[in-house]
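Trainee: need the 3D shape of this:
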Amino acid sequence: MIGERLRPRSIAGINDLPEAEREAYYAAVIPSELLERFGIDPLTYTDAQGNRLLQVIAPPGTGSVEIDLRPYVGAPDPLLYAHLADTPNNQIEVLLVAVNDPASPRFNTDRTPDGHPTNFGTTGRNIPEEVRAMAAGLAPGQVRHGLRLSRSLVPHLEAFMASLGHDLLVIQPLFYHNAIRYERMGFGYISGRALMEQIQLGFQPGGALYARLDGSTPFRQAGAEVSIRLRSWAIHDGILGQIYQGVKMYKRVGHQAGVSTFPEGVW
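Mentor: Just a heads-up that it's a prediction; the model follows:
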């Protein structure tokens, strides 16, 4: 047991621990129901044949960690992926978290048609795959359906923060739909709330964004204004006239912020 005096308070502090202690901290982020569902040993993170499925990339001397859990050996996509890092003001930020259903169809929205990474649409897009993904019920940034584990994952992240003596969980939603989901899980805004409220106004009848749902692209169809997911596709498609960025959210451990910028929105 690490004494209170020696308890790490940062990702950098955990990364400087011996490997077994380091992994124990990070593995606590993984929901137990995920391990049970996919037959992964909760102590060794191996499958029934003893193959290791968890990779923790946390080099000593750095303030960053990537947690990558695969559903089976050689799986093309992680079952759970989380990237956390220290910030300059002594907070810990969740830069990315994703959960994939390995049994669901895969859509190559993460690669351009000629095979280059799209980096979530910031350096390129694969429009045909995005159209297919949207029709299948996926949101921007997804290559597969998720497992509806977000609500159980957030308490694990909160507990992880609390174990380091932090009472604040900071997260950066990469897409509009992420921000709305986080609102509904009790997050408030550090920055970007004004943008979210402008988007809400813009999608009201008579608003500028509502008028741009003109069918000019597959992602700008009439009726998208009522859907969280379809709004997000339109925003990903550039309907704002600017990149969706600058949004950062927080959740105090054990508290709900009670913020809702799209209260009537359906998925």
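Trainee: where exactly do the strands run in the stretch 151-267 of the chain?
Mentor: 168-171, 188-191, 248-252 (DSSP state E, counting those that start in this stretch).
Trainee: other SSEs contacting the last one?
Mentor: Same thing as strand 248-252. strand 168-171, helix 176-184, strand 188-191 (3 or more CB pairs under 8 Å, 6 or more residues apart in numbering; DSSP states H and E). Using the backbone N, CA and C atoms, a C-beta is placed for each residue, glycine as well.
Trainee: quick one, longest helix in the protein?
Mentor: Counting by DSSP state H, the longest helix found in the chain is helix 150-163.
Trainee: tally of neighbours for Glu66?
Mentor: Glu66 has 17 neighbours, counted by other CB atoms under 10 Å.
Trainee: verify the contact between it and His83 for me.
Mentor: Yes. The criterion here is CB atoms under 8 Å, and Glu66 meets it with His83 at 5.1 Å.
Trainee: contacts for the helix or strand where Val56 lies?
Mentor: Using DSSP states H and E, Val56 sits within strand 54-57. For strand 54-57, the external contacting residues (CB atoms under 8 Å, 6 or more residues apart in numbering) are 22-23, 26-27, 30, 40, 45, 65-70.
Trainee: tell me what the lowest-mean-pLDDT helix or strand in the chain is packed against?
Mentor: Lowest by mean pLDDT, DSSP states H and E among the helices and strands of the chain is helix 150-163, with a mean of 91. Here helix 150-163 touches strand 92-99, strand 168-171, going by 3+ CB pairs under 8 Å, 6+ apart.
Trainee: give me the angle between the longest one and helix 150-163.
Mentor: Read it as strand 92-99. 150 degrees (axes from the mean of the first three to the mean of the last three CA atoms, to 10 degrees).
Trainee: list the buried residues for strand 92-99?
Mentor: Buried residues in strand 92-99, defined by neighbour count with 16 or more other CB atoms under 10 Å: Ile92, Glu93, Val94, Leu96, Val97, Ala98, Val99.
Trainee: and it with helix 176-184, angle?
Mentor: Counting by the same axes, to 10 degrees, strand 92-99 lies at 110 degrees to helix 176-184.
Trainee: identify the farthest-apart pair in the buried residues of strand 92-99.
Mentor: Within the buried residues of strand 92-99, Ile92 and Val99 form the most distant pair, 19.8 Å apart (CB to CB).
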